[in-house]
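Colleague: Build me a model:
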Amino acid sequence: MINSFVPLHYGTFWGLPSRIFYVFVGLAPLVLFITGFVMWRYRYQPKTRISDRSIELSHSRRN
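Modeller: I've put the predicted structure just below:
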């Protein structure tokens, strides 16, 4: 019974395709963390940047 899980554990039951699949599954949490952090950072940017941009636009329209 225990020996039947050895190929599953080491990723040898499908050969190379299963190992490549395991690499992508292993990297998925890192990718989700990075994309989530980027989305969070853009959502909670300080509001001063928006007002600074509007001041820059108003100065460029005068020139």
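
Colleague: For residue 13, see how far away residue 4 is.
Modeller: 10 Å (CB to CB, to the nearest Å). From N, CA and C alone the C-beta is placed, and that goes for glycine too.

Colleague: Look at those two and report which has more neighbours.
Modeller: Taking other CB atoms under 10 Å, residue 4 and residue 13 do not tie; residue 13 has more neighbours (13 against 8).

Colleague: any chance you could read off phi and psi for the more buried one?
Modeller: phi -70, psi -30 (degrees, to the nearest 10).

Colleague: Quickly note the distance from it to residue 30.
Modeller: Residue 13 is 25 Å from residue 30, by CB to CB.

Colleague: Kindly report the same for residue 36.
Modeller: 11 Å.

Colleague: So in this protein, which helix runs the longest?
Modeller: Ranked by residue count and defined by DSSP state H, the top helix of the chain is helix 16-43.
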